[in-house]
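**Q** What follows is a predicted structure for the sequence shown.
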Amino acid sequence: MAFATLITHLADPETKPDFLQSLAEMAETFDAHLDVVCHGIDRLTPGFQYGGVDPVMMQRTMQAAGDDAKSIAATARGMLEKSNARWSVETSVNPIGNINRSVSMRTRFSDLAVLPTPYGGQNSQLEAEGILEGALFGGQSPVLVLPAGVAANPTPERVILAWNESPEAMNAVRAALPFLKQARSVRVTVIDPPRHGQDRSDPGGPLSVFLARHGVKAEIDVLGKSLPRVCDVLLRHANDKDADMIVMGAYGHSRFREAILGGATRDMLEEAKLPIFMMH
C-alpha cells in the first residue's frame, strides 16, 4: 500500500521552512495529500477546570495560543503555496493536557505522520512528546521522525531494519513496505538474539522470506551487544552501512516504564542523526 495521506503536527512557532519543503517534496513523490495541523498550546490550562484558575488569565493564554497557531499556519501556507503538492493547513488550539487527544483524532485518518524529533528543538519537550505519542498510540499511525536539520527522504536507498521478533517491530515492517520495496539495500539487523528463541537457528530468516515475497531483497546482520545500549549498537551499524533510514518498533514496554527508565525508543530519538521510521 502506498502512502496516500501524509500528516504533520507543528507546535513550534520557530518551525523551519526547510522541514515543510521536504514534506511537500515527499508528498509529490508519493502523489499523496499533505495535511498540516498547526497547534497553539495553552500551557497554563491543564485541560480540565479547577477553582484556582483566573478566567481573565485563561482568556489571555488561549488568545496567545491562538496567535501561535495562526503564525505557524501562515509560515506553512507561505511555503506550501510554492510547491506542486496537494495540501491543506488547519489550526488547532488546545490546553496542554489535551494535545495528545487532538493529535490522535486527526492522525488516525492518515497513512504516515512525519514529525520533527521531540528532542533538541525549540519547542517544549513535554508537548513534542505528547504529539509523538498521540500519533503512535491514539492515531495508530506509523511515524517518521526527523532529527533537526534532516530532510524527509521519500526514496531511501539503504535501510536498517531493527528486528527483535516483537509485534511492534512486525507492525513497523508492514507499514514501511512502500519504503522497503524501492530501497536498494535492506539489512535486517538482529542484536544479541536469544539462544532459546523461536528463530534461534536462523535469526531473521522468516522475516526475510516475508520480505522476499513482497519483492524486498534483504540481508541479515546478527550483531552482539558490544556496547551498553542497544541503540548505540544499532546507530553504529547504521553509520557503518551509510544508512538513510532506520525502521523499528516503538515502545515495546509500557510508556510509563519507558519514561522512567529511558528505553530503546527514547534513546534512539535522542541520539539518531538520520530519519527513524517507527510504529507501535
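**A** Cool, the structure landed.

**Q** Counting neighbours, what do you get for the residue lying closest to Pro147 once chain neighbours are set aside?
**A** Of all residues not flanking Pro147 in the chain, Thr117 sits nearest, at 5.1 Å (CB to CB, 6 or more residues apart in numbering). In short, each C-beta sits where N, CA and C put it, glycine included. For Thr117, the neighbour count with other CB atoms under 10 Å is 18.

**Q** Val230 versus Thr117, what's the distance?
**A** Computed as CB to CB, to the nearest Å, the Thr117 to Val230 distance reads 19 Å.

**Q** Phe277: what's its closest spatial neighbour, skipping adjacent residues?
**A** Closest to Phe277 by CB to CB, 6+ apart is Val247, at 4.6 Å.

**Q** element containing the one you found, please.
**A** Using DSSP states H and E, Val247 sits within strand 245-249.

**Q** elements contacting that strand?
**A** Counting contacts by 3 or more CB pairs under 8 Å, 6 or more residues apart in numbering; DSSP states H and E, strand 245-249 is packed against strand 158-162, helix 167-175, helix 177-182, helix 230-240, helix 263-271, strand 276-279.

**Q** now do 7 Å
**A** strand 158-162, helix 167-175, strand 276-279 (3 or more CB pairs under 7 Å, 6 or more residues apart in numbering; DSSP states H and E).

**Q** Wasn't Thr189 part of a strand?
**A** Yes - under DSSP: H, G, I helix; E, B strand; the rest coil, Thr189 falls within a strand.

**Q** Which residues does the helix or strand where Glu133 lies contact?
**A** Per DSSP H and E: Glu133 is located in helix 125-133. For helix 125-133, contacts defined as CB atoms under 7 Å, 6 or more residues apart in numbering pick out 9, 11, 41, 96, 99-100, 103, 115, 118-119, 121, 143, 255.

**Q** mind checking the backbone torsions on Ala148?
**A** phi -60, psi 130 (degrees, to the nearest 10).

**Q** burial measure for Asn98, as a count.
**A** 19.

**Q** Check which element follows whichever strand or helix holds Ser208 along the chain.
**A** Per DSSP H and E, Ser208 falls inside helix 205-212. Using DSSP H and E, the helix or strand that follows helix 205-212 towards the C-terminus is strand 218-223.

**Q** Now that next one - C-alpha only, PDB.
**A** This file holds the C-alpha atoms of strand 218-223, laid out as PDB (Å, rounded to 0.1, in the frame of the first residue of the first chain):
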ATOM      1  CA  ALA A 218      17.100  -8.300   2.400                       C
ATOM      2  CA  GLU A 219      20.400  -9.200   4.000                       C
ATOM      3  CA  ILE A 220      20.600 -10.300   7.600                       C
ATOM      4  CA  ASP A 221      23.200  -8.900  10.100                       C
ATOM      5  CA  VAL A 222      23.400 -10.600  13.500                       C
ATOM      6  CA  LEU A 223      25.300  -8.400  16.000                       C
END
